[in-house]
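Enquirer: here are the coordinates; sequence isn't available:
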Ligand SMILES: Cc1cc2nc3c(=O)[nH]c(=O)nc-3n(C[C@H](O)[C@H](O)[C@H](O)COP(=O)(O)OP(=O)(O)OC[C@H]3O[C@@H](n4cnc5c(N)ncnc54)[C@H](O)[C@@H]3O)c2cc1C
């Protein structure tokens, strides 16, 4: 049986029937077959191969800070590098990190070494793997801007190195395949004076604190901005939806593109706010909002009006 094969292979952590609510920033998510944190890259490859040979469903997940997982039982395996694959080095101007390293650590180390580029990403939660998949960005900077190369494990269990010219990056978009595991990456930054770095970091962290409801559980912005000069949050605000509640979930009064969990929100509550926002914005402005957050375990009818 697959699960016992995985357990026999793994020196890392295999949590059977694990609740995903323990692994998402929303604090929402039902049980999965197993939540797997491999010991190292070699074990990871073995586990990916076992799951593929069995044709079982799986998802690669980071720290779940951009993720809405349904509350129902999900018949899939979750594999994460978080708290596991954490190799990290800075040499000259090049940072190398495995995908389980938290973005916050990378930003902090870059600043410590007087390297500029990533300081605007201060305060963006999540792992390096999630940041690359999402092309995380803030205040005009995106993580892909400084990428030199990425190691991925492809579907056949082989490690390959990709370069920026192999990958398409766009606003909160990358062309990594969903069955490609992001293993590690290198970034090249520029040395500069500490004053410049400090001031960029301060602008970013002050902006974040004043514009985001950071006291509450959320997954950051729910929708992508329709274009660079039209924020999804502004449309939701103009549609009068700020403060709308479903169960314990609410469209934040502070930032309309953040949907917050006051403690006991269900996946269906957030999904219902997503549907309501899409329907209202479409009726008022003729725009169908696209999700920025990733979802696991939903069908279209739960997330789209009239689907
Ligand atoms: C309070 C708050 C503020 C935020 N502010 C910002 C912001 O300013 N800018 C911004 O861009 N984002 C922001 N976010 C969203 C989130 O922090 C980022 O998208 C982050 O990069 C997600 O990283 P993660 O490790 O949590 O990924 P997850 O949420 O776990 O996963 C995100 C996606 O990446 C995939 N993935 C994760 N790891 C791997 C891997 N190793 N290999 C292959 N696929 C993988 C998952 O399958 C999923 O599709 C915010 C979130 C919160 C809660």
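Expert: Thanks, I have it. A quick note: this is a predicted structure, and the numbers were derived from the prediction, not measured.
Enquirer: below-threshold pLDDT in the stretch 101-250 of the chain: ranges please.
Expert: By pLDDT under 70, the stretch 101-250 of the chain has no low-scoring segment.
Enquirer: so which residues of it form helices?
Expert: 103-112, 128-134, 194-211, 232-238 (DSSP state H, counting those that start in this stretch).
Enquirer: tell me which of these sits most buried.
Expert: helix 128-134 (a mean of 27; mean count of other CB atoms under 10 Å). All C-beta atoms are positioned from the backbone trio N, CA, C, and that covers glycine.
Enquirer: which residues are contacting that helix?
Expert: For helix 128-134, contacts defined as CB atoms under 8 Å, 6 or more residues apart in numbering pick out 60-63, 65-66, 81, 97-103, 106, 121, 124, 126, 136, 143-144, 147, 150, 172, 174, 176, 181-182, 184-185, 292.
Enquirer: number of residues surrounding residue 36?
Expert: 28 (other CB atoms under 10 Å).
Enquirer: and residue 192, by the same measure?
Expert: When neighbours are defined as other CB under 10 Å, residue 192 has 14 of them.
Enquirer: chain neighbours aside, what residue packs nearest to it?
Expert: residue 116 (4.3 Å; CB to CB, 6 or more residues apart in numbering).
Enquirer: thinking again about what came up before, so which of the contacts of helix 128-134 are in strands?
Expert: Those of those mapping onto strands are 60, 97, 98, 147, 150, 174, 181, 182, 184, 185, per DSSP state E.
Enquirer: give me the spatial nearest neighbour of the fourth one, chain neighbours excluded.
Expert: I take that to be residue 147. Nearest to residue 147 is residue 164, by CB to CB, 6+ apart, at 5.3 Å.
Enquirer: that neighbour touches residue 142, doesn't it?
Expert: No: Residue 164 lies out of contact with residue 142 (CB atoms under 8 Å); the separation is 11.6 Å.
Enquirer: out of those two, which sits in the busier spot?
Expert: residue 142 (20 against 14).
Enquirer: list the contacts of the closest residue in space to that one that isn't next to it in sequence.
Expert: Closest residue in space to residue 142, ignoring its immediate chain neighbours: residue 135 at 5.4 Å, by CB to CB, 6+ apart. Residues in contact with residue 135 (CB under 8 Å, 6+ apart) are 142, 143, 144, 169, 170, 171, 172, 173, 174.
Enquirer: and residue 145, by the same measure?
Expert: Counting by CB under 8 Å, 6+ apart, residue 145 has contacts residue 117.
Enquirer: how near is it to residue 77?
Expert: 33 Å (CB to CB, to the nearest Å).
Enquirer: can you classify the nearest residue to residue 18 once chain neighbours are set aside by secondary structure?
Expert: Once flanking residues are discounted, residue 18 sits nearest to residue 35: 3.8 Å by CB to CB, 6+ apart. Recorded secondary structure, residue 35: strand (DSSP: H, G, I helix; E, B strand; the rest coil).
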